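*Asks:* this one's sequence-less:
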């Protein structure tokens, strides 16, 4: 499958932009619901920040993104009979809380492994330091452990 990088990134952005569909009736109290809603928004912001860096990082190719999406993870790229592409996520427990985190994990994985090519002499902790500078301590701590 040959798809350009911008098409895949647009597909990923549209995927994370969809509403999570949290149902307040599924929660015991409003505080729990708001905590999950905040986390969903945080994952959206994290995903969009990392997608921007993946877009600008020229050594990450469309083939690298597509191969990660076809590697058997829960987030996968499907080609519909019409030839259109679609992202699919297989939930573990609670789709609403997981689908944006899956894109964050994909981006973190792409950036982490490609950083070995871009910065071959850096130790893992130095790489984490670079990600802290680029993304901030919170995002780096969540996705680049």
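*Replies:* Okay, I see it. What you are looking at is a predicted structure, and each value in this text was computed from that prediction instead of being measured.
*Asks:* Phi, psi for residue 87 please.
*Replies:* The phi and psi values for residue 87, taken as degrees, to the nearest 10, are phi -90, psi 140.
*Asks:* Just the pLDDT at it, thanks.
*Replies:* Looking at residue 87, its pLDDT reads 96.
*Asks:* so it makes contact with residue 15?
*Replies:* Yes: counting by CB atoms under 8 Å, residue 87 touches residue 15, with 4.6 Å between them. In this view, the C-beta of every residue, glycine as well, is placed from N, C-alpha and C.
*Asks:* so how many other residues sit close to residue 3?
*Replies:* 15 (other CB atoms under 10 Å).
*Asks:* List the buried residues in the one helix or strand residue 116 maps to.
*Replies:* Per DSSP states H and E, residue 116 falls inside helix 95-118. Neighbour-count burial for helix 95-118 flags 96-112, 114-115 (criterion: 16 or more other CB atoms under 10 Å).
*Asks:* where exactly do the helices run in this structure?
*Replies:* In the chain, the helices defined using DSSP state H lie at 5-17, 30-56, 62-69, 95-118, 124-135, 137-143.
*Asks:* Stretch 17-26: end-to-end distance?
*Replies:* 22 Å (CA to CA, to the nearest Å).
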